Each structure stands twice: as structure tokens, then as C-alpha cells.
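1. A predicted structure for the sequence below; I have some questions about it.
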Amino acid sequence: MANYFSNHSSSRFLANSAQTTTTTTTTSHPAAAPISPAVVPRTRIPSSKHFSTTVVTTQPTASKDATASSTPSSTTATQVHPLRNTWVFWFRQQRTPGNKIISYEEGIKKIAAFSSVESFWSLWTHLSPPSALLPTTDYLLFHTGVRRPVWEDPLNIQGGKWIIRLKKGVADRFWEDLVMAIVGDQFDDCRGRLDDHQRAKSATPSPPKSEDGSETSAEWPEICGCTISVRQSEDIVTVWNRVDGDSKLREQIRDTLRRVLNLPASTIMEYKSNNGTQPPPQKVDTR
């Protein structure tokens, strides 16, 4: 699905503000000729540097024959573009003062799952950006092979995560670009060197399922998911992968992450194992 998440347009947060400016200028000419419905600009067009507008469907124009809408070709207006995996958004907010203390896992709540480009956008456009969240709030995105987005999950426990600490005010763009890159298979070339037997032993969950519950034949990707943690003085982004014992694979994920996020050369990225058996976390200067 990388073809549907290309990097040739600006962030939706900037695009929305640009549309508002255009609208206000057109209302300043009351004597102008009325705008034809066919050219009225659409509102809130999903756009991202990883999203290609080739998936945008258009309504038939009035000049077409009325019988064309009843033909089988009209079904292209509602065509669904499936993703390789089904992904799930999760949400966690730490307890507020006076509330009962709960464990980390108990505080995680499922938002929704999606398995197509269209269902992703219908969900994404309704999610608040990280800048609108209160501190100590987390967004988590994992494929359905990960039953719970915690390190103890069978697909996570033998893996690790890359950690990037962001200054306040830049998380919206980084989070959007990261989600588009993962859902759009930008990390697809990052593969471990496990043979089929080892991979089968580590992948204990059942095959992935689509939104309707049917099983698919797709293999679990190396990238399990990603998170963003909104904190008081910083925002923390992590990318989780299945295998932490392959140094070449870790470097490949790091380099891909640096590319899709367009990280500055001075960015320090920290890798941490989930099972606790590896050496202390490795900090890598990407310069």
C-alpha cells in the first residue's frame, strides 16, 4: 500500500488552515458570478506527505448520461483500497489526582480498527492531534497480531523499540508522518534474518484478521506498531519491532525512521529491548 501513502503533499494540519484563507477571500466579491457546484472546493481533504491523492474518489459530473450511474462501472466511486494488515488505534491517559491507581495495561482502551485506506481516513480525521491532548496521554497503533499493546505481548516480548524524544510543538507532524509510513508499508524492506522455523515459533498468535473477522494469509510485519506519549515538557515517539537480536535490522529500521520523518542530523535515537536481556539501551547519534 506504499503507493497510496506517498510523500508529495503537505500535512493536513497546514492544509486545513490554507483552505480557510481561500474561503474568506472569495466572499469579499458579492457581485461575482455564482460558483458552479462542480467546482466548489471540498472541505477537509485528507493530505499528508505520505498520502497520494490517487485514492480520492469523485462524484460523476452532471454532463454524463443519467443511465451511467446504474451500470456496474459506477461501483468504482465506492472502491475500497485494502491495507496489507489490519491496524488498531489505542488510547491511554494516566490517572488524574484522586482517582484509583490502576496498572498500565488496565488504562489502555481500544479506539477502533481499520484495514483499508478509506476506513483509516474516516478514523484519522476524527482523532485529536497530539498537541490537543493533555499531558500524560498516549496514542498507540499496533497491528492485530499484537493482542495488547504492551511489551509482554508474544509478538513484542522478543523485540524492542526505537525511542525519539521531541521538543514540544513538533509532535503533530512527526506523529502523522510516522503513522502514514507504518500503515503505508514504508518499513516493508526492514526484515529480520530468522528462518521460517524460528519465525513460526516466535509468532504464536493466530493469523491476522480483517475488520469483518475473516482470517488472512498475510505474514506479520517486522514493525509491530508505534506510540506517542504526550508529557509535560516533551513528547516521546517509539517504533516497536519484533526481533531485537539483529543489529543490522535495528540499523535498517533506524535509517528508515530517519528518512520518513526527515529527522535532523543531530537527532539522538535510543534503542531499548523489551525482554530486558540485552545490554543497557543504546543511544545513537544519527549524524
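-> Cool, got the structure. Just so we're clear, the structure is a prediction, and the values are computed from it rather than from any experiment. Numbers count the residues shown, from 1 in each chain.

2. okay, CA-based contacts and neighbour counts for the rest of this
-> Noted.

3. which residues in the stretch 51-200 of the chain form helices?
-> The residue ranges that make up the helices of the stretch 51-200 of the chain, judged by DSSP state H, counting those that start in this stretch, are 117-124, 171-183, 196-202.

4. how about these in a markdown table, adding mean neighbour count and mean pLDDT?
-> Formatted as a markdown table, the entries for the helices of the stretch 51-200 of the chain read as follows, by neighbours: other C-alpha atoms under 10 Å; pLDDT from 0 to 100:
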| stretch | mean neighbour count | mean pLDDT |
| --- | --- | --- |
| helix 117-124 | 16 | 96 |
| helix 171-183 | 21 | 97 |
| helix 196-202 | 11 | 44 |
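
5. shouldn't residue 223 be in contact with residue 244?
-> No: Residue 223 is beyond contact range of residue 244, at 11.3 Å (criterion: C-alpha atoms under 8 Å).

6. who's in contact with residue 89?
-> Going by C-alpha atoms under 8 Å, 6 or more residues apart in numbering, residue 89 touches 110-113, 139-142.

7. run the last query once more with 10 Å
-> Residue 89 sits next to 109-114, 120, 123-124, 127, 139-143, 149, 225-227 when contact means C-alpha atoms under 10 Å, 6 or more residues apart in numbering.

8. for it, which non-adjacent residue is closest in space?
-> In this structure, residue 89 finds its nearest non-sequential neighbour in residue 141, 4.7 Å apart by C-alpha to C-alpha, 6 or more residues apart in numbering.

9. can you report phi and psi for residue 126?
-> Dihedral pair for residue 126: phi -110, psi 0, per degrees, to the nearest 10.

10. number of residues surrounding it?
-> Per other C-alpha atoms under 10 Å, the neighbour tally for residue 126 reads 8.

11. do residue 245 as well
-> The criterion is other C-alpha under 10 Å. On that basis, residue 245 has 15 neighbouring residues.

12. pretty sure it sits against residue 161.
-> No: here residue 245 lies out of contact with residue 161, judged by C-alpha atoms under 10 Å, at a distance of 11.9 Å.

13. anything in contact with each of those two?
-> Overlap of the contact sets of residue 245 and residue 161 (by C-alpha under 10 Å, 6+ apart) consists of residue 273.

14. before we move on, back to that, distance of the residue nearest to residue 89 from residue 263?
-> Taken as C-alpha to C-alpha, to the nearest Å, the spacing of residue 141 relative to residue 263 amounts to 21 Å.

15. which of those two has more residues huddled nearby?
-> Neighbour count, other C-alpha under 10 Å: between residue 141 and residue 263, residue 141 has more, with 25 against 14.

16. by residue count, tell me the biggest strand in the protein.
-> Criterion DSSP state E: the longest strand present in the chain is strand 82-93.

17. list the buried residues for it?
-> Along strand 82-93, these residues count as buried under the neighbour rule (16 or more other C-alpha atoms under 10 Å): 83-93.

18. could I get these as CSV with distance to residue 235 and pLDDT?
-> Formatted as CSV, the buried residues of strand 82-93 follow (distance: C-alpha to C-alpha, whole Å; pLDDT from 0 to 100):
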residue, distance to residue 235, pLDDT
83, 28, 96
84, 29, 93
85, 27, 94
86, 26, 97
87, 23, 98
88, 21, 98
89, 18, 98
90, 17, 97
91, 15, 95
92, 14, 94
93, 14, 85
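
19. pick out the most distant pair among those residues.
-> Pairwise distances across the buried residues of strand 82-93 peak at 29.5 Å for 84 and 93 (criterion: C-alpha to C-alpha).

20. sorry, back to before: pull up the overlap in contacts between residue 223 and residue 244.
-> Residues touching both residue 223 and residue 244 by C-alpha under 10 Å, 6+ apart: 156, 159-161.
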